[in-house]
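In: sequence unknown, structure follows:
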């Protein structure tokens, strides 16, 4: 009889452990959401530097506008290539109810307690298969974000922060990129890869300065406008 009870109890204990781990993981996303709940919008100057093997592209400068929960626009006097996937800060994109959240591990990052979470969208997104976030628990900051995209594309974003008004916001984001060559149309425009290359790898470094927070940005500024190509930036929703 005791063996039968144990046989029935073990699956229940395992299920209870999984549920507890999922609740714990979702709670960390809740902390992140509360930390930035007062951030309504911001603007910031951004500079982009490319370090891609076999590619040459000038550094680019523009102004980035963001508004909660999902609006983003780049203004630049020249044609501006900006990697939307991982290239800017949007704390509102990780609402716990939108993802299946799994706690991968507890770890230490720069001497601070951290967790690594895997987020799988509940609804299929255009490009994203899943995210893996490394969150500094002492400061409730995303220190690293790994994106797995459909088509074998992998992007890792490493973030450095500064204090602006009441918010910690990125001063630098380094993207480490690994893309199939035939999927890299935007990057291919800046040069030719090594002969026979099947994948495109390298780094894109973005530095941010002159933050202005909670400006009361109107929705109208995020609408597409008809500008000459040489002055057109990019606008739309954060993805």
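Out: Great, that's in hand. Predicted model only: the values in this text are computed from it and were never measured. Numbering: from 1, shown residues only.
In: hmm, residue 120 is touching residue 132, no?
Out: No: the pair residue 120 and residue 132 fails to qualify as a contact (CB atoms under 8 Å) at a distance of 10.2 Å. For every residue, glycine as well, the C-beta is placed using N, CA and C.
In: out of everything not next to it in sequence, what's closest to the spatially most central residue of the chain?
Out: Centroid-nearest residue in the chain: residue 86, 3.6 Å away (criterion: CA atoms, centre = their mean). By the measure of CB to CB, 6 or more residues apart in numbering, the closest residue to residue 86 outside its immediate chain neighbours is residue 157, 3.8 Å from it.
In: from residue 221, how far off is that neighbour?
Out: Residue 157 sits 26 Å away from residue 221, going by CB to CB, to the nearest Å.
In: so those two - more neighbours on which side?
Out: Relative neighbour count places residue 157 above the other of residue 157 and residue 221, with 26 against 15, counting by other CB atoms under 10 Å.
In: tell me which residues in the helix or strand harbouring the more buried one are buried?
Out: Using DSSP states H and E, residue 157 falls within strand 153-164. Along strand 153-164, the positions that meet the burial threshold by neighbour count (16 or more other CB atoms under 10 Å) are 153, 155-159, 161, 164.
In: strands of this protein, start to end?
Out: Secondary structure of the chain, counting by DSSP state E: strands at 41-52, 60-67, 71-75, 99-109, 112-121, 128-136, 141-149, 153-164, 167-180, 199-213, 234-237.
In: got these as TSV, with mean pLDDT columns?
Out: Supplementary listing: these in TSV, determined by pLDDT from 0 to 100:
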stretch	mean pLDDT
strand 41-52	91
strand 60-67	91
strand 71-75	89
strand 99-109	91
strand 112-121	92
strand 128-136	91
strand 141-149	91
strand 153-164	92
strand 167-180	90
strand 199-213	90
strand 234-237	44
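In: beta partners for the residue nearest to residue 86?
Out: On DSSP bridges, the residues paired with residue 157 through beta bridges are residue 145, residue 175.
In: I'd guessed it sits against residue 134; true?
Out: No: counting by CB under 8 Å, residue 157 stays clear of residue 134, with 10.3 Å between them.
In: and the residue nearest to residue 104 when sequence neighbours are not counted, how far from residue 163?
Out: Here the nearest residue to residue 104 in space, its sequence neighbours aside, is residue 116; by CB to CB, 6+ apart that works out to 4.3 Å. Using CB to CB, residue 116 is found at 25 Å from residue 163.
In: residue 41 too?
Out: Counting by CB to CB, the gap from residue 41 to residue 163 is 18 Å.
In: check residue 112 too.
Out: 16 Å.
In: might one say that the residue nearest to residue 104 is in contact with residue 134?
Out: Yes: taking contacts as CB under 8 Å, residue 116 lies within contact range of residue 134: 5.2 Å.
In: more neighbours, residue 120 and residue 132?
Out: Under the neighbour definition other CB under 10 Å, residue 120 and residue 132 were set side by side, and residue 132 has more, 16 against 13.
In: mind listing the residues bridging to that one?
Out: With DSSP bridges as the criterion, residue 132 is bridged to residue 118, residue 146.
In: now do the contacts for residue 97.
Out: Counting by CB atoms under 8 Å, 6 or more residues apart in numbering, residue 97 touches residue 122.
In: tell me the pLDDT of it.
Out: According to the prediction, residue 97 has pLDDT 85.
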